[in-house]
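Novice: Show me the folded form of this:
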Amino acid sequence: MTEPNDATPTLPVVPSTPAQVDAAADVESHAPYMKVLLGLLVLTILEYGFARVFKDSSGPLIFGLVLLASVKAALVAWYFMHLKFERLWVFLVIAPAFVLALILTALLFPDFVMRTEPLDEPEPTATAASSGGATPGAV
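Specialist: Reported below is the predicted structural model:
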């Protein structure tokens, strides 16, 4: 076996801050899974109710559902991905991706909300239905 010499590069180890040490000591050994489950259940019920209330207006419906889904995703990330104990640099890495997602959603918003033509397919004509749905000239 080779022993490491002094020239071997090592990764820098950044010590924990006192606030992180205190927070880690105060936390139980496991995440509050049942509380998070209850929170996600309540948010899902709110989404269902929101969809029922705003079923005829697509703008507020989409905005509200995306907002509630974002809250649910943040709750999952905060507890299950342990972002609660991460340092600032992790949030600085996540922030540009979040901003880009907001920009891309905002750019698509007029496309699917301000649509004027109906989305329904046209009704088939009687001649196409009686001929088995084949179009004229199809081989």
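
Novice: before we move on, what SS does Lys55 have?
Specialist: Here Lys55 takes the coil state, with states given by DSSP: H, G, I helix; E, B strand; the rest coil.

Novice: ok, it - contacts?
Specialist: By C-beta atoms under 8 Å, 6 or more residues apart in numbering, the contact set of Lys55 is Leu61. Glycine gets a C-beta too; all of them are placed from N, C-alpha and C.

Novice: now it: how far from Lys72?
Specialist: 20 Å (C-beta to C-beta, to the nearest Å).

Novice: shaky segments in the protein?
Specialist: Per-residue confidence for the chain (pLDDT under 70) gives these ranges: 1-12, 25-31, 115, 117-122, 126-139.

Novice: What ranges does the chain have for its helices?
Specialist: Under the criterion DSSP state H, helices of the chain are mapped to 18-26, 33-53, 58-80, 88-113, 126-130.

Novice: Mean neighbour count, those helices: which tops it?
Specialist: Per residue and on average, the most neighbours among these fall to helix 58-80, with a mean of 14 (mean count of other C-beta atoms under 10 Å).

Novice: relative orientation of it and helix 88-113 in degrees?
Specialist: 160 degrees (axes from the mean of the first three to the mean of the last three C-alpha atoms, to 10 degrees).

Novice: report the angle between the axes of helix 58-80 and helix 33-53?
Specialist: 180 degrees.

Novice: Against which helices or strands is helix 58-80 packed?
Specialist: Other elements packing on helix 58-80 under the criterion 3 or more C-beta pairs under 8 Å, 6 or more residues apart in numbering; DSSP states H and E are helix 33-53, helix 88-113.
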